[in-house]
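**Student:** can you look at this prediction? I've put the sequence above it.
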Amino acid sequence: MGWVTSFRYTEAGTERFERAAAVQKALREERMRGIREDEYLTTITVLR
């Protein structure tokens, strides 16, 4: 166990998290355009 047992975002933190998640989703959709999901996952696995 660590020293943090729970946390919650502030209103500003929630807004930033939601914006970041939307950007991440848009980027993933852009990068997957024209390829199948399994091809995308293979590429990501290789890059890791």
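**Tutor:** Great, that's in hand.

**Student:** quick one: secondary structure of residue 9?
**Tutor:** coil (DSSP: H, G, I helix; E, B strand; the rest coil).

**Student:** nope, residue 35 is what I meant
**Tutor:** Residue 35 is classified as coil under three-state DSSP.

**Student:** pull the contacting residues for it.
**Tutor:** Residue 35 makes no contacts at all, as judged by Cβ atoms under 8 Å, 6 or more residues apart in numbering. From N, CA and C alone the C-beta is placed, and that goes for glycine too.

**Student:** from residue 48, how far off is it?
**Tutor:** 17 Å (Cβ to Cβ, to the nearest Å).

**Student:** now swap in residue 40 and tell me
**Tutor:** Distance from residue 40 to residue 48, by Cβ to Cβ: 13 Å.

**Student:** where do the contact lists of those two overlap?
**Tutor:** Joint contacts of residue 40 and residue 48 (Cβ under 8 Å, 6+ apart) do not exist.

**Student:** quick one: which of these two has more around it?
**Tutor:** residue 40 (14 against 5; other Cβ atoms under 10 Å).

**Student:** got the confidence number for residue 28?
**Tutor:** Looking at residue 28, its pLDDT reads 90.
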